[in-house]
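Engineer: A predicted structure for the sequence below; I have some questions about it.
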Amino acid sequence: MASKSDIVFLPGAWHSANCLDKVVPLLTAKGYTTYAHTVKSVGTPHVTVQDDAAYIRDEILEPLFQKDRQVVLVVHSYAGTPAAPAIKQLHVKDRKAKGQPGGLVGIIWVTSYLFSSAGFGVVEREAKLEGLARFGSINAEEDFIYPREDLDFFYGDVDEDLAKATLSTLKPHSLSALLTDVDEYGYRDASYDGCRAYVKCLRDRPISIELQNFMINSSGVIWETRELDTGHSPFLSQPEQLSSTIDELIQGFKI
């Protein structure tokens with residue numbers, strides 16, 4: 001790519017944008033204007049995955065597009081679920097064809113879900129709840145799922161003090177967001193060919209490397225892939241390596 005794009009980085013369930021404070025300055029130092037945003041379903045009940053998708057598209061990306069900015073979207077974990085429908089027809093090629101300014105020039109999923117309902121697919125509510133129970137404590141009346149509190153699950157390779165500090169900032173996540181389904185996958189748009197990437201995390205516990213590989217192979221499209229020898233949160237454990245990997249992928253995008 002000839003010039004530096006903007007980067008929009010979205011962490012997943014329970015996590016606020018400040019968990020990216022170690023990696024954002026590194027991307028900025030590489031010449032990118034970088035924005036970190038929290039998805040709407042963090043800390044707010046009764047927010048569906050469709051609500052998150054609309055928020056990503058209309059309130060995060062569209063204002064940048066209206067400034068004629070070219071953007072790379074980077075998503076982690078749950079954020080990939082609402083991002084999938086949100087990015088449909090948002091590539092610069094698609095927007096230019098419709099006479100619209102700006103657009104996405106690339107997408108990067110970082111150990112992130114490619115399918116519905118945090119990776120569980122379109123299944124019955126009870127099966128979803130059973131699957132979600134491994135991630136935390138469910139309170140259906142509040143419409144919240146509270147995150148697991150053991151450090152090793154999310155932060156097994158993160159400095160202990162940093163892991164504890166990050167864990168203390170986590171918020172309950174809308175249960176509705178993890179129980180609703182999506183049926184549009186914008187990353188399948190042909191316009192993303194050559195600028196669609198997936199960063200695998202080999203020691204991830206919440207999203208195993210086997211599940212990451214399965215989702216990539218079942219997605220119906222080709223992803224440029226990279227591997228990091230990290231757990232679920234490389235933005236904390238290996239921010240330098242993650243930022244360099246993101247930079248390398250962006251520089252290799254073909255638009």
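Structural biologist: Done, it's in.
Engineer: Next, the buried residues of stretch 12-24.
Structural biologist: 12-17, 19-20, 22-24 (16 or more other Cβ atoms under 10 Å). For glycine as for every other residue, the C-beta is placed from the backbone atoms N, C-alpha and C.
Engineer: Point out where the stretch 1-150 of the chain drops to low pLDDT.
Structural biologist: 1-3, 116-124 (pLDDT under 70).
Engineer: Just the helices from it, written as ranges.
Structural biologist: Along the stretch 1-150 of the chain, counting by DSSP state H, counting those that start in this stretch, helices occupy 24-29, 49-54, 62-66, 80-86, 92-97, 116-119, 125-132.
Engineer: From residue 101, how far off is the closest residue to residue 209 other than its chain neighbours?
Structural biologist: Nearest residue to residue 209, sequence neighbours excluded (Cβ to Cβ, 6 or more residues apart in numbering): residue 202, at 5.3 Å. Here the distance between residue 202 and residue 101 works out to 39 Å (Cβ to Cβ, to the nearest Å).
Engineer: Name whatever forms a beta bridge with residue 225.
Structural biologist: residue 198 (DSSP bridges).
Engineer: hang on, residue 60 packs against residue 37?
Structural biologist: Yes. Counting by Cβ atoms under 8 Å, residue 60 does reach residue 37; the two are 5.3 Å apart.
Engineer: overlap in contacts of those two?
Structural biologist: Common contacts of residue 60 and residue 37 (Cβ atoms under 8 Å, 6 or more residues apart in numbering): 8, 10.
Engineer: picking up where we left off before, run through the residues that contact the residue nearest to residue 209.
Structural biologist: Contact analysis of residue 202 by Cβ under 8 Å, 6+ apart lists 209, 227-230.
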